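Asker: Turn this into a model:
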Amino acid sequence: MKSLALYNNKGGTGKTTSVINIAYQLALADNKVLVVDLDGQGNASRFFTDSPKDGLAQALTQPVVSPDIARCETRYPNIDIITSTQDLNNISSQFEQFSPEVRSEIAHKIIGYSDDPWYAADYDYVLVDLPPALNCLTESIVSACDYVFVPIELGLFAIQGIPNVTGIISSCGTKFGGCFVNKFDRENPADLELFELLKSTLGDKTMQNYLPCSRVIKNSISYRTAASEYMSWTFAAECCAKLTREIVEICGG
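Answerer: Reported below is the predicted structural model:
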């Protein structure tokens, strides 16, 4: 089992949309996938299920509580989700009161690497949708994951802020899988120039594949479908598949 977090300390970079489409592509390749929605907005939870369960906040603040109480099946046979509620927005100070050892134990419990994992044998991939907030909880979850991938919407300030994001990942001791561009407009000269600037900033950690600026992706989310499920023959669907294959390759899959 491999655990992958999508993180950027800037909001609006498309983390949740990326998690949805990557999860769908992994499941399409016969992988069993668990999505962990750690964003208090709960957008991934609402996408995958009509009835999100409470309990993740308790699992994060009570070491004896299993996150299984917040696990839901989805309409996709190979995808389950640990759902989020607004309670997650109010627990960071409580989580911070734990010792570093207890914080690590809880984070690994959520991701599935405890001494007696409750679901590690059942899933090939765990995908974690993280909020943009940087706090003790976010850092603990990042530390517990195998890889962190950073989605970015191209812009000068966003690229200038990337070293700060990679510094956070490095300080957590987690492998930085790479940074991929979201909402890329290949017909826009400014985007092409900014893509080159990102490459010069990150080198080989700039991923080759990207998610395009696409009405297919935007509309698919509105209809609660993944892009490849909505219109499998489109360029957007092809991009989702290529990005996922690159992620799997980076993770040694």
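
Asker: Counting neighbours, which bits of stretch 179-188 end up buried?
Answerer: Of the residues in stretch 179-188, Cys179, Phe180, Val181, Asn182, Lys183, Phe184 count as buried by neighbour count, 16 or more other C-beta atoms under 10 Å. Every residue, glycine included, has its C-beta placed from N, CA and C.

Asker: With distance to Gln86 added, can I get those residues in a markdown table?
Answerer: Output for these, formatted as a markdown table (distance: C-beta to C-beta, whole Å):
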| residue | distance to Gln86 |
| --- | --- |
| Cys179 | 30 |
| Phe180 | 29 |
| Val181 | 31 |
| Asn182 | 25 |
| Lys183 | 27 |
| Phe184 | 32 |
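
Asker: Just flag the most distant two among those residues.
Answerer: Greatest spacing in the buried residues of stretch 179-188, by C-beta to C-beta: Cys179 and Lys183 (13.8 Å).

Asker: Which residues does the host helix or strand of Ile81 contact?
Answerer: Ile81 belongs to strand 79-82 when assigned by DSSP states H and E. Strand 79-82 is contacted from outside by 23-24, 27, 33-37, 44-45, 48-49, 56, 67, 70-74, 110, 123, using C-beta atoms under 8 Å, 6 or more residues apart in numbering.

Asker: What residues sit buried inside the next helix or strand after that strand?
Answerer: Later in the chain than strand 79-82, the nearest helix or strand by DSSP H and E is helix 92-96. For helix 92-96, the neighbour count (16+ other C-beta under 10 Å) marks Ser92, Phe95 as buried.

Asker: Need the contact partners of the longest helix along the chain.
Answerer: Using DSSP state H to define each element, the chain has its longest helix at helix 235-250. Helix 235-250 has contacts (C-beta under 8 Å, 6+ apart) with 4, 21-22, 24-26, 29, 147, 149, 177-178, 180, 207-212, 214, 216-217, 226-228, 230-231.
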